[in-house]
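J.: Build me a model:
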Amino acid sequence: MDSRKFLLLIILLMHVATLVNITVFDSEWNGLLMAWNTILFIAAIALVVPQFQRSRG
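T.: Model (predicted):
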């Protein structure tokens, strides 16, 4: 999978999770959602950093 598609998928998952939390669960799962979004963010960073290092060196 191309890294751009992977990053867009992560952003989509983060936004859908937030939307579902607000509309379906009435914002009751904020702590779990924050943990989920943090995990997705770390995964995105782990994907992008090696590519930046390869392009620089």
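
J.: wouldn't W36 be in contact with T18 here?
T.: No: contact between W36 and T18 fails when scored by CB atoms under 8 Å: they sit 9.6 Å apart. C-beta: built from backbone N, CA, C; applies to glycine.

J.: Any buried residues in the top helix by length along the chain, and which?
T.: The longest helix of the chain (DSSP state H) is helix 30-56. By neighbour count, with 16 or more other CB atoms under 10 Å as the criterion, the buried positions of helix 30-56 are 33, 36-37, 40, 44.

J.: From those, pick the one nearest L8.
T.: The closest of the buried residues of helix 30-56 to L8 turns out to be A44 (CB to CB; 10.2 Å).

J.: Run through the residues that contact the residue lying closest to A44 once chain neighbours are set aside.
T.: If you skip the residues right next to it in sequence, A44 has I10 as its closest partner in space, 4.9 Å away by CB to CB, 6 or more residues apart in numbering. When the contact criterion is CB atoms under 8 Å, 6 or more residues apart in numbering, the partners of I10 are 40-41, 43-44.

J.: From D2, how far off is the nearest residue to L40 once chain neighbours are set aside?
T.: If the residues on either side of it in the chain are set aside, L40 comes closest to I10, at 5.0 Å by CB to CB, 6+ apart. When distances are taken as CB to CB, to the nearest Å, I10 and D2 turn out to be 13 Å apart.
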